[in-house]
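> here are the coordinates; sequence isn't available:
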Ligand SMILES: Cc1ncc(COP(=O)(O)O)c(C=O)c1O
């Protein structure tokens, strides 16, 4: 391998990339660098659903990066679209101009967003999208004669990103505590989690209390103060938790009753990942504001966005400059990102990849059932190619592993380091979400490697 920079001879030796001397200048997301530096993985190239590290070791990417690379690596149509746009124009001012690709992309994407959500603010990252959605509903109500409607009700255990507003809406304490005090005007309710119901109830006898309690909270807060309910359709960061079918329709109906907007965070679930273009299509419920990210440009460039109705958008169009939507980001509506987004959408539609994702997801779910014989599978849950597996000490009683065993983390690390397969993991769960182009044969291979990791780690526990 030759260095692209003749002054940096250190890069001639692949081992140098993994040296703590250089890695200590890097900062991974949410990860203790001390631990990472013990066994670092330095990626160098990708092809299809595979990634090679700098030492030439080949990994199966079982989680699409982080629910992102839905088309796999090396998609020539997307690469060509980006190249052509770079030749034409790499950037246009997001404050003084708009550009041809962005206009085309918004019109095209608007044909696939939930019905009526055809105004789209283009952005770069998921946190920008969720943060923008919060601001959108607050300014909307400020300009429609309901200036007290500010409160955002979201859910414990949901993740909405790391900028301060998005982080405040997030319901995961460990992500938030270091940054207190957070933003004002946020409340949380308990999430749906039937396997370990926060109310110790059983579905369906529970009458979906987790959804119905939203009404009580709106009443306690005062409906005239509540602007939006915000949640992930399928709760990703705490193990891919799928709500019961009644959940979203109840939420929708409640919000309609109190003039509260429904913001869905489809940053991870959207752009086909759940086997429909949006996870909310799975639940037959229409949101008011849709946050998109991750898969929109399938990892080729940063791209995200917020879609909302023309009726909401009209509130910001006026002769009064102060009434413009007071939000913006330098890379929002970037023409290269829009060109990539167009090519990704064309691939999804023309190759019928969303339906392929649904079918491969069904196949993966079936194959994962084989792992139940290992005795530690508590639940396999998900939609499309977005699947979580809760690992338990006893599959019969669903008794969890003792705190500190961190079986999910062990399995995830084993999969990564011994089985050469990248998956997402946490102490009690693992998640898989391969690219939509994954073949049935590759799914068989994934399940085999996963089974081996679980088996190995069970053997370690027993000894
Ligand atoms: C549901 C959800 N919302 C928001 C975000 C934040 O997106 P980003 O990391 O692009 O800011 C994520 C990221 O994982 C996410 O999963």
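Cool, the structure landed. Every value quoted in this text rests on a predicted model; they were computed, and no experiment measured them.
> ok but residue 51 is inside a helix, no?
No: assigned with DSSP: H, G, I helix; E, B strand; the rest coil, residue 51 falls outside any helix and is strand.
> ok, it - contacts?
43, 45, 58-59, 61, 73, 422 (C-beta atoms under 8 Å, 6 or more residues apart in numbering). No exception for glycine: its C-beta is placed from N, CA and C like everyone else's.
> against residue 413, how distant is it?
Separation of residue 51 from residue 413 (C-beta to C-beta, to the nearest Å) stands at 17 Å.
> repeat for residue 225
Applying C-beta to C-beta, the value for residue 225 to residue 413 is 46 Å.
> next: residue 176.
Counting by C-beta to C-beta, the gap from residue 176 to residue 413 is 26 Å.
> point out where the chain drops to low pLDDT.
Applying pLDDT under 70 to the chain flags residues 1-9.
> for this protein, which helix extends over the most residues?
Longest helix in the chain by number of residues (criterion: DSSP state H): helix 440-462.
> and the residue nearest the centre of the chain, its phi and psi?
When C-alpha atoms, centre = their mean is applied to the chain, the residue found nearest the centroid is residue 268 (2.2 Å). Backbone torsions for residue 268, taken as degrees, to the nearest 10, come to phi -100, psi -40.
> right, and it touches residue 296 too?
No: counting by C-beta atoms under 8 Å, residue 268 stays clear of residue 296, with 11.2 Å between them.
> shared neighbours of these two, anything?
Going by C-beta under 8 Å, 6+ apart, no residue sits against residue 268 while also sitting against residue 296.
> before we move on, the earlier item: and the residue nearest to the centre of the chain, how far from the ligand?
Counting by C-beta to the nearest ligand atom, to the nearest Å, the gap from residue 268 to the ligand is 4 Å.
> gap between that residue and residue 388?
Applying C-beta to C-beta, the value for residue 268 to residue 388 is 12 Å.
> and the residue in the chain that the ligand sits nearest to, what is it in contact with?
Per C-beta to the nearest ligand atom, residue 126 is where the chain lies closest to the ligand, at 2.1 Å. By C-beta under 8 Å, 6+ apart, the contact list for residue 126 reads 161, 265, 267-268, 291, 293-294, 304.
> distance to residue 418 added to these, as a markdown table?
Below are the contacts of residue 126 laid out as a markdown table (distance: C-beta to C-beta, whole Å):
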| residue | distance to residue 418 |
| --- | --- |
| 161 | 33 |
| 265 | 34 |
| 267 | 31 |
| 268 | 27 |
| 291 | 37 |
| 293 | 32 |
| 294 | 28 |
| 304 | 35 |
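> among those, which lie within strands?
Cross-referencing those against strands under DSSP state E gives 265, 291, 304.
> so what's the last one bridging to?
Spelled out, it's residue 304. Beta-bridge partners recorded for residue 304 (DSSP bridges): residue 123.
> residues touching it, list them.
122-126, 128-129, 267, 291-294, 296.
> again, only using 7 Å
123-126, 128-129, 267, 292-293, 296 (C-beta atoms under 7 Å, 6 or more residues apart in numbering).
> can you give me the strands for the stretch 301-450 of the chain?
Taking DSSP state E, counting those that start in this stretch as the criterion, the stretch 301-450 of the chain contains strands spanning 304-308, 377-383, 386-391, 421-422, 424-426, 429-432.
> who are the neighbours of the fourth one, in terms of helices and strands?
When you say that, I think you mean strand 421-422. Counting contacts by 3 or more C-beta pairs under 7 Å, 6 or more residues apart in numbering; DSSP states H and E, strand 421-422 packs against strand 58-61.
> secondary structure class for the nearest residue to residue 36 once chain neighbours are set aside?
Closest residue to residue 36 apart from its sequence neighbours, by C-beta to C-beta, 6 or more residues apart in numbering: residue 28 at 5.7 Å. At residue 28 the chain is in coil, as set by three-state DSSP.
> need phi/psi at residue 28.
Per-residue torsions, residue 28: phi -80, psi 160 (degrees, to the nearest 10).
> would you confirm that it contacts residue 37?
No: taking C-beta atoms under 7 Å as the definition, residue 28 is not a contact partner of residue 37, at 9.8 Å.
> quick one, which of these two is more surrounded?
residue 37 (17 against 12; other C-beta atoms under 10 Å).
> give the contact list for the more buried one.
For residue 37, the contact set (C-beta under 7 Å, 6+ apart) comprises 20, 23-24.
> brilliant, that's me finished.
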